[in-house]
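Asks: Got a predicted structure plus its sequence, pasted below:
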Amino acid sequence: MNKDFLWGGAIAAHQAEGAFKVGGKGICAADIETAGGNGTARRITNGIIDGEYYPNHEAIDFYHHYKEDIALLAEMGFKCFRTSIAWTRIFPDGDNELPNEAGLNFYDSLFDECLKYGIKPIVTLSHFEMPYNMIKKYGGFRNRKCIDLFVRFAKTVFERFHSKVKYWMTFNEINNQSDYNNAHHLLQDSGILVNDNDNKEELMFQAAHYELVASAKAVKLAHEIDPSMIIGCMIAMVPVYPFSCDPSDMMGQISAEHTRYWYADAHCRGKYPMHITRLWERHGLHIDITEEDKTALKEGCVDFVGLSYYMSMTIKGQALAPEYVWTGNADDLPKNPYLKYSDWGWGIDPLGLRYALNWVYDRYQKPLFIVENGYGAYDKRSKDGSVDDQYRIDYLKAHIKAMCDAVEYEGVDLIGYTMWSPIDIVSASSGEMEKRYGFIYVDKDNNGNGTLERSKKKSFEWYKNVIASNGENL
Ligand code: BG6
């Protein structure tokens, strides 16, 4: 790989930091989600209810352990480290007049700690962490007001951290909400609590539009504040395969791609594709889009495309009915007979990563950044404390090989690779601790018991060698 290639790992504030009320932090979207389980959805509660267990409240207490944790990442030779800035540490209610200095100080210290080891911080502005006050008071991104509140948050942290952070992303996996029947996705992506009389389809498109405008305004602002800042979008990249060469499966593939990737089209091209505006007309959806919004979208195209990649999906002939709208729900899909699946049913498809990189690069011709890729598994710790996670090494090895091939053979312009997540953290979808991704084990279980002690798994030394050899020794 290129000598400046950014090897590293990624986490999100709400899944790691804990300390959910420390230093003036306000409550965020993730703070009102209970722990679910493998196959059991997390519940969204009406505020924080006594007696419920909320795994993000403590998470792995990265807030108090970050020095120890960053030292371990440095030992692996990390070149970069992706995290999010918890919006509610900076603006506890989202609409406060002034930012919270204690929150800004925390990220100053965290970024300084990274930079001390030559680790570049990579920051996501909104990673499922909207202030709960904005959710209750304004209805989240169903309300245009949230554009300005987001932009103010972005401005505050751009001004404060521009000399420490060059790479930023606006909204994490903005396209997850294409599955708008799933309340969890609407809450995470848009801070929306659904009411019985909501038209969820319209609501999702409206919220996503406001987010895309907010993102575009943030991109423009960042370039004005410091032209050396590089701002990307972040999409959940799940390539879509037709189940067969039956033309209806092929058409199904295209309509599933339309469902999932129009968000990235808007981020990268500054306007909506025709199939989306046609769909709005056909479904009688009224989306509030002003002339000023259209200008903002055009003026705020992203500099790069950040993407997560965990799996591919396979689709079967649904697009034959022209009015059929796939809501992005992966449970509707057939399994791919060529793939093995993880314990959580995620299809393991390394070559799909090479396919995905080519697909995205061909479409947008912008630099790409793999900002998440990893293997959630049940790890077993031996009596001596060791964890033999060869399956994780196998998964990452195959994916990194596919990534290197896309760069070498197809010339994909790739900035870096931050695996998810170098240290065990709370799962975003299930709230479990025991869906583990890390090179570093954290002693904590699904019920919140454990010492929080950190220890190295077998994969720790392996990744260290990958980085030291710049991807040569896999
Ligand atoms: C992505 C998210 O969806 O995948 C992360 O950006 C998340 O926040 C990751 O943790 C893995 O998913 P999960 O549900 O296994 O934690």
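Replies: Cool, got the structure.
Asks: what residues are up against residue 242?
Replies: Shown in contact with residue 242 (Cβ atoms under 8 Å, 6 or more residues apart in numbering): 249-250, 252-253, 314-316. C-beta here means a position set from N, CA and C on the backbone, and glycine is covered the same way.
Asks: just these now: which is nearest residue 440?
Replies: residue 314 (33.7 Å; Cβ to Cβ).
Asks: For PyMOL, write the select line for the buried members of the contacts of residue 242.
Replies: Those of the contacts of residue 242 that count as buried under 16 or more other Cβ atoms under 10 Å are selected in PyMOL with:
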select buried, resi 249+252+253+314+315+316
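Asks: Measure how far stretch 53-60 is from the centre of its chain, please.
Replies: How far stretch 53-60 lies from its chain's middle: 19 Å, per Cα atoms, centre = their mean, to the nearest Å.
Asks: swap in stretch 183-200?
Replies: Relative to its parent chain, stretch 183-200 has a centroid offset of 18 Å by Cα atoms, centre = their mean.
Asks: For the stretch 351-474 of the chain, give the residue positioned nearest to the ligand.
Replies: residue 429 (3.0 Å; Cβ to the nearest ligand atom).
Asks: where along this structure do the strands fall?
Replies: 6-10, 80-84, 120-126, 167-171, 230-236, 240-242, 304-308, 313-315, 340-341, 347-348, 368-372, 414-420, 440-442, 454-456 (DSSP state E).
Asks: Mind putting the ones you listed into JSON lines with distance to residue 105?
Replies: Output for those, formatted as JSON lines (distance: least, Cβ to Cβ, whole Å):
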{"stretch": "strand 6-10", "distance to residue 105": "23"}
{"stretch": "strand 80-84", "distance to residue 105": "16"}
{"stretch": "strand 120-126", "distance to residue 105": "15"}
{"stretch": "strand 167-171", "distance to residue 105": "20"}
{"stretch": "strand 230-236", "distance to residue 105": "24"}
{"stretch": "strand 240-242", "distance to residue 105": "44"}
{"stretch": "strand 304-308", "distance to residue 105": "27"}
{"stretch": "strand 313-315", "distance to residue 105": "43"}
{"stretch": "strand 340-341", "distance to residue 105": "44"}
{"stretch": "strand 347-348", "distance to residue 105": "42"}
{"stretch": "strand 368-372", "distance to residue 105": "26"}
{"stretch": "strand 414-420", "distance to residue 105": "25"}
{"stretch": "strand 440-442", "distance to residue 105": "25"}
{"stretch": "strand 454-456", "distance to residue 105": "24"}
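Asks: one step back: identify, from the contacts of residue 242, the entry nearest to residue 53.
Replies: Distances from residue 53 to the contacts of residue 242, taken by Cβ to Cβ, are shortest for residue 314, at 35.6 Å.
Asks: on that earlier part again, could you save the strands of the chain as CSV and add columns showing mean pLDDT and distance to residue 108?
Replies: Listed next are the strands of the chain as CSV, based on pLDDT from 0 to 100; distance: least, Cβ to Cβ, whole Å:
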stretch, mean pLDDT, distance to residue 108
strand 6-10, 98, 20
strand 80-84, 98, 14
strand 120-126, 98, 11
strand 167-171, 98, 16
strand 230-236, 98, 20
strand 240-242, 94, 42
strand 304-308, 98, 23
strand 313-315, 92, 41
strand 340-341, 96, 43
strand 347-348, 96, 39
strand 368-372, 98, 23
strand 414-420, 98, 21
strand 440-442, 98, 24
strand 454-456, 98, 23
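Asks: Save those as CSV, and put in distance to the ligand too.
Replies: Shown next, in CSV, are these (distance: least, Cβ to the nearest ligand atom, whole Å):
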stretch, distance to the ligand
strand 6-10, 8
strand 80-84, 9
strand 120-126, 9
strand 167-171, 11
strand 230-236, 6
strand 240-242, 17
strand 304-308, 5
strand 313-315, 14
strand 340-341, 14
strand 347-348, 14
strand 368-372, 6
strand 414-420, 5
strand 440-442, 14
strand 454-456, 19
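Asks: Without its sequence neighbours, what residue ends up closest to the closest residue to the ligand within the stretch 1-150 of the chain?
Replies: At 5.0 Å from the ligand, residue 12 is the closest residue in the stretch 1-150 of the chain, using Cβ to the nearest ligand atom. Among residues not flanking residue 12 along the chain, residue 127 sits closest, at 4.1 Å (Cβ to Cβ, 6 or more residues apart in numbering).
Asks: Now, the contacts of residue 242 that are in helices?
Replies: 249-250, 252-253 (DSSP state H).
Asks: from these, which is closest to the ligand?
Replies: Distances from the ligand to the ones in helices among the contacts of residue 242, taken by Cβ to the nearest ligand atom, are shortest for residue 253, at 21.8 Å.
Asks: Tell me how far that closest one lies from residue 12.
Replies: Using Cβ to Cβ, to the nearest Å, one gets 30 Å for the distance from residue 253 to residue 12.
Asks: and if you look at residue 257?
Replies: 26 Å.
Asks: And the two? Which one has more around it.
Replies: residue 12 (26 against 17; other Cβ atoms under 10 Å).
Asks: hmm, back to that, I'd like the ones in helices among the contacts of residue 242 laid out as a markdown table, including distance to the ligand.
Replies: A markdown table is the format used below for these (distance: Cβ to the nearest ligand atom, whole Å):
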| residue | distance to the ligand |
| --- | --- |
| 249 | 26 |
| 250 | 27 |
| 252 | 24 |
| 253 | 22 |
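Asks: Dump the residues you listed to TSV, plus pLDDT.
Replies: Formatted as TSV, the ones in helices among the contacts of residue 242 follow (pLDDT from 0 to 100):
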residue	pLDDT
249	89
250	90
252	87
253	90
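Asks: Just grab the bridge partners of the nearest residue to residue 114 once chain neighbours are set aside for me.
Replies: Among residues not flanking residue 114 along the chain, residue 121 sits closest, at 4.9 Å (Cβ to Cβ, 6+ apart). For residue 121, the beta-bridge assignment (DSSP bridges) gives partners residue 81.
Asks: Distance of residue 121 relative to residue 113?
Replies: Counting by Cβ to Cβ, the gap from residue 121 to residue 113 is 9 Å.
Asks: So for the two, which sits in the more crowded spot?
Replies: More crowded of residue 121 and residue 113, by other Cβ under 10 Å: residue 121, with 24 against 19.
Asks: That one reaches residue 78, doesn't it?
Replies: No. Look at residue 121 against residue 78 with Cβ atoms under 8 Å: they stay out of range, at 10.6 Å.
Asks: Now for residue 427: which residues touch it?
Replies: 15, 376, 433, 435.
Asks: which two from the residues you listed end up farthest apart in space?
Replies: Most distant of these, by Cβ to Cβ, are 15 and 376, 12.1 Å apart.
Asks: Show me which residues of this protein sit near the ligand.
Replies: Applying Cβ under 6 Å from any ligand atom, we find that the chain lies next to the ligand at 12, 15, 172-173, 236, 308, 372, 376, 420, 427-430, 435.
Asks: any low-confidence regions in this structure?
Replies: 318-331 (pLDDT under 70).
Asks: To what extent is the spatially closest residue to residue 122 that is not a sequence neighbour buried, counted in neighbours?
Replies: Using Cβ to Cβ, 6+ apart and skipping the chain neighbours, the partner closest in space to residue 122 is residue 82 (4.0 Å). Other residues near residue 82 come to 29 when the count uses other Cβ under 10 Å.
Asks: which residues sit in contact with the spatially most central residue of the chain?
Replies: Residue closest to the average C-alpha location in the chain (Cα atoms, centre = their mean): residue 172, at 3.9 Å. Residues near residue 172 by Cβ under 8 Å, 6+ apart: 12, 84, 124, 126-128, 234.
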